[in-house]
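1. Any chance you could fold what I've pasted below:
(one chain, ligands or ions: 1)
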Amino acid sequence: MSHHSHLVAPSLQAEKEAETQTQDASSDSVWRFKGSDTAAKASSVTMRVIVYKLFDLCSQEVKKTLLPLAHGDPSVYPCFRTSIDVENAIVDVLRSGKGNSYGPAAGIFPARQAVADYVNPDLTNKVTPDDIFMTVGCNQGIEVVIQSLARPNANILLPRPSYPHYEARSVYSGLEVRKYDLLPEKEWEIDLQGIEAMADENTVAMVIINPNNPCGNVYSHDHLKKVAETARKLGIMVITDEVYSQTIFGDNPFVPMGRFSSIAPVLTLSGISKGWIVPGWRIGWIALNDPQGIFKATGVVQSIQQNLDITPDPTTMVQVALPEILKKSNKEMFAKKNSILKQNVELVCDRLKDIPCVVCTKKPESCTYLLTKLELPSMEDIEDDMDFCMKLAKEENLVLLPGVALGLKNWIRITIGVEAQMLEDALERLNGFCQRHMKKTVASLQDLKLSDNSEI
Ligand SMILES: Cc1ncc(COP(=O)(O)O)c(C=O)c1O
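-> Numbers count the residues shown, from 1 in each chain. Model (predicted):
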């Protein structure tokens with residue numbers, strides 16, 4: 001619990017302080033200023049708000065350690081520590097003094113060149129350093145791109161379920177959000193028909209996340225080609241989030257969306273947070289896969305540059321180290337990480353089979369999460385996924401993410417990027433919780449099934 005306490009306490013504190021400030025300003029205060037409300041709507045759809053609420057329900061009285069399996073940051077566990085070579089790349093730059101200066105808004109040239117060299121082997125239409133913009137993690141790439149596309153009446157198509165930062169930033173930028181479905185019965189493929197039905201002349205882009213957080217699938221070459229063809233038909237760009245491209249442990253190979261850039265323009269967002277397990281280093285990039293120069297002709301490139309001009313740059317030190325880090329994209333490190341994740345997925349799927357009321361419909365093959373569906377009719381006093389997670393936190397000090405935080409009601413997301421022992425403990429607690437909250441009729445049917453089996 002100790003390494004997570006920084007995540008819990010300060011923000012709870014901050015939330016309470018913010019409430020007090022607004023109350024003071026709206027009463028008969030003599031002060032003419034008050035906190036802005038612009039971010040309130042946007043932040044309400046972020047995961048953090050829900051996770052902190054759940055942390056708040058955990059207590060010492062339960063006499064169990066807090067198991068934080070709602071958000072994902074494997075870097076806090078020793079088994080997921082990045083390689084020594086990658087750490088040394090930073091140490092060398094630090095000691096050389098070469099990373100102490102401001103960098104240009106688009107990023108320093110060697111870093112942009114290194115990213116182009118890193119992505120090009122998998123692309124048919126190669127990119128140049130001019131097509132790459134360095135960002136403060138993948139998240140700033142999301143922010144800059146959404147802000148660059150926002151204009152009155154424009155809308156953007158986002159997946160459901162999704163990584164919530166896309167929606168939060170769209171709300172913040174005044175870009176209308178339309179959600180298309182990912183289909184659980186089709187291994188979480190994109191509902192392309194749905195996309196065609198919901199797009200109109202004001203649709204500017206569709207976002208895909210591949211490999212997919214939270215579904216854990218990897219899209220096939222054929223499916224991605226269809227995505228590009230749909231985008232072309234609709235006259236929109238594809239924004240692809242590939243931050244998990246080095247976190248794959250299943251059989252389907254990763255295909256970059258940029259491969260289809262001659263069909264429709266593709267804007268790729270990525271970074272080193274997940275692959276190299278260093279989310280705290282805050283380095284990401286935007287790559288423009290656009291052989292026909294559509295982004296330039298439509299002013300998108302200029303808008304990205306302008307947005308980068310007015311936002312903070314990623315740390316120069318890490319940018320200077322990036323060529324070395326990307327060169328040290330050593331297969332061994334990725335393989336070690338992915339093999340631990342695979343073992344964890346097997347462990348969770350295996351245990352879930354014996355836990356009532358939660359069903360894993362597809363074993364993840366990428367990323368650091370596993371989605372399970374709640375069988376609410378089999379439960380006695382659980383209203384929905386949020387209620388499930390709140391009671392679970394309260395009774396077991398186990399924090400899982402309700403699907404509603406990702407746009408998928410009555411599903412639950414479990415983080416698998418943790419130590420195996422934590423998963424063992426979590427599943428034991430989850431089992432106890434589900435047994436307690438299962439309808440009595442379901443419970444006796446299960447007993448019957450078990451005693452039948454024992455006779456065989
Ligand atoms: C799909 C997806 N995109 C982007 C990010 C943010 O990446 P970064 O830490 O590099 O900003 C995350 C983080 O969880 C993510 O899951």
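
2. what helix or strand does the residue in the stretch 201-350 of the chain that the ligand sits nearest to sit in?
-> Closest approach between the stretch 201-350 of the chain and the ligand, counting by CB to the nearest ligand atom: S273, at 3.4 Å. Using the backbone N, CA and C atoms, a C-beta is placed for each residue, glycine as well. Under the assignment given by DSSP states H and E, S273 is not contained in any helix or strand.

3. Let me know the distance separating A40 from the ligand.
-> 22 Å (CB to the nearest ligand atom, to the nearest Å).

4. for L406, same thing?
-> Separation of L406 from the ligand (CB to the nearest ligand atom): 10 Å.

5. same check, this time on V418
-> 15 Å.

6. What's the local residue count around the residue nearest to the residue of the stretch 201-350 of the chain closest to the ligand when sequence neighbours are not counted?
-> If you skip the residues right next to it in sequence, S273 has P279 as its closest partner in space, 3.9 Å away by CB to CB, 6 or more residues apart in numbering. By other CB atoms under 10 Å, 21 other residues sit near P279.

7. can I assume P279 is in contact with V76?
-> No: no contact is recorded between P279 and V76 when judged using CB atoms under 8 Å, the distance being 9.9 Å.

8. need the contact list for the residue of the stretch 201-350 of the chain closest to the ligand.
-> For S273, the contact set (CB atoms under 8 Å, 6 or more residues apart in numbering) comprises 137-138, 243, 279, 281-284.

9. roughly how far out does stretch 67-77 sit from the chain middle?
-> A distance of 13 Å separates the centroid of the chain from that of stretch 67-77, by CA atoms, centre = their mean, to the nearest Å.

10. try stretch 196-211
-> Here the centre of stretch 196-211 is set off from its chain's centre by 18 Å, with CA atoms, centre = their mean.

11. same deal with stretch 304-312?
-> Taking CA atoms, centre = their mean, one finds stretch 304-312 lying 23 Å from the centre of the chain it belongs to.

12. quick one: contacts of that stretch?
-> Applying CB under 8 Å, 6+ apart, the contact partners of stretch 304-312 are 105-106, 133, 135-136, 140, 143-145, 147-148, 286.

13. re the thing from before, quick check: which of the contacts of S273 are also close to the ligand?
-> Within the set of the contacts of S273, contact with the ligand (CB under 6 Å from any ligand atom) is found for 137-138, 243, 279, 284.

14. filter the contacts of stretch 304-312 to the buried ones?
-> Listed as buried from those are 105-106, 133, 135-136, 140, 143-145, 147-148, 286; burial here means 16 or more other CB atoms under 10 Å.

15. mind putting the residues you listed in JSON lines, pLDDT included?
-> Listed next are the buried ones among the contacts of stretch 304-312 as JSON lines, based on pLDDT from 0 to 100:
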{"residue": "A105", "pLDDT": "97"}
{"residue": "A106", "pLDDT": "98"}
{"residue": "F133", "pLDDT": "98"}
{"residue": "T135", "pLDDT": "98"}
{"residue": "V136", "pLDDT": "98"}
{"residue": "Q140", "pLDDT": "98"}
{"residue": "E143", "pLDDT": "98"}
{"residue": "V144", "pLDDT": "98"}
{"residue": "V145", "pLDDT": "98"}
{"residue": "Q147", "pLDDT": "98"}
{"residue": "S148", "pLDDT": "98"}
{"residue": "I286", "pLDDT": "98"}
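
16. Could you dump those residues into a markdown table with secondary structure and distance to the ligand added?
-> Listed next are those as a markdown table, based on DSSP: H, G, I helix; E, B strand; the rest coil; distance: CB to the nearest ligand atom, whole Å:
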| residue | secondary structure | distance to the ligand |
| --- | --- | --- |
| A105 | coil | 18 |
| A106 | coil | 18 |
| F133 | strand | 14 |
| T135 | strand | 8 |
| V136 | coil | 7 |
| Q140 | helix | 7 |
| E143 | helix | 10 |
| V144 | helix | 12 |
| V145 | helix | 12 |
| Q147 | helix | 15 |
| S148 | helix | 17 |
| I286 | strand | 12 |
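
17. What ranges does the stretch 101-250 of the chain have for its strands?
-> Listed in chain order, the strands found in the stretch 101-250 of the chain under DSSP state E, counting those that start in this stretch are 132-135, 155-160, 176-183, 189-190, 203-209, 237-241.

18. partners of the nearest residue to I195 once chain neighbours are set aside in the sheet?
-> Closest residue to I195 apart from its sequence neighbours, by CB to CB, 6+ apart: Y180 at 4.9 Å. Judged by DSSP bridges, the bridge partners of Y180 are P159.

19. for L370, same thing?
-> Using DSSP bridges, the beta-bridge partners of L370 come out as I414.

20. and A405, how far is that from the ligand?
-> Distance check for A405 against the ligand: by CB to the nearest ligand atom, it reads 12 Å.

21. Within its local environment, how many residues does that residue see?
-> Applying the criterion other CB under 10 Å, we find 24 residues in the vicinity of A405.

22. ditto for C79
-> Here the neighbour count serves as a burial measure; for C79 (other CB under 10 Å) it reads 13.

23. Model confidence score at it, please.
-> Looking at C79, its pLDDT reads 96.

24. same question, A42
-> A42 is assigned a pLDDT of 85 by the prediction.

25. so which helix or strand takes in it?
-> For A42, the secondary-structure element it belongs to, assigned by DSSP H and E, is helix 38-44.

26. tell me which residues in that helix are buried?
-> Within helix 38-44, the residues that qualify as buried by neighbour count (16+ other CB under 10 Å) are A42.

27. Quick one: mean pLDDT for the helix or strand following that helix?
-> Downstream of helix 38-44, the next assigned helix or strand under DSSP H and E is helix 47-57. The average of the pLDDT scores along helix 47-57 is 92.

28. Tell me if helix 47-57 is near the ligand.
-> No: counting by CB under 6 Å from any ligand atom, the ligand is not contacted by helix 47-57; separation bottoms out at 8.8 Å.

29. Check which helices and strands the helix or strand just after that helix sits against.
-> Counting by DSSP H and E, the next helix or strand C-terminal to helix 47-57 is strand 67-68. For strand 67-68, the helices and strands in contact under the criterion 3 or more CB pairs under 8 Å, 6 or more residues apart in numbering; DSSP states H and E are strand 398-399, helix 420-437.

30. so after strand 67-68, what's the next helix or strand?
-> Along the chain past strand 67-68, the next helix or strand (assigned with DSSP H and E) turns out to be helix 84-96.

31. Going by neighbour count, list what's buried in that next one.
-> Of the residues in helix 84-96, those with enough neighbours to count as buried (16+ other CB under 10 Å) are 86, 89-90, 93.

32. tell me the average confidence for that helix?
-> Here the mean pLDDT over helix 84-96 is 96, rounded to a whole number.

33. which parts of the stretch 151-300 of the chain sit against the ligand?
-> Listed as neighbours of the ligand in the stretch 151-300 of the chain under the rule CB under 6 Å from any ligand atom: 163, 209, 213, 241, 243, 271, 273, 279, 284.

34. what two of these are the furthest from one another?
-> I209 and P279 (16.3 Å; CB to CB).

35. can you redo the helices and strands packed on strand 67-68 as TSV with distance to M386 and mean neighbour count?
-> Formatted as TSV, those follow (distance: least, CB to CB, whole Å; neighbours: other CB atoms under 10 Å):
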stretch	distance to M386	mean neighbour count
strand 398-399	13	28
helix 420-437	14	17
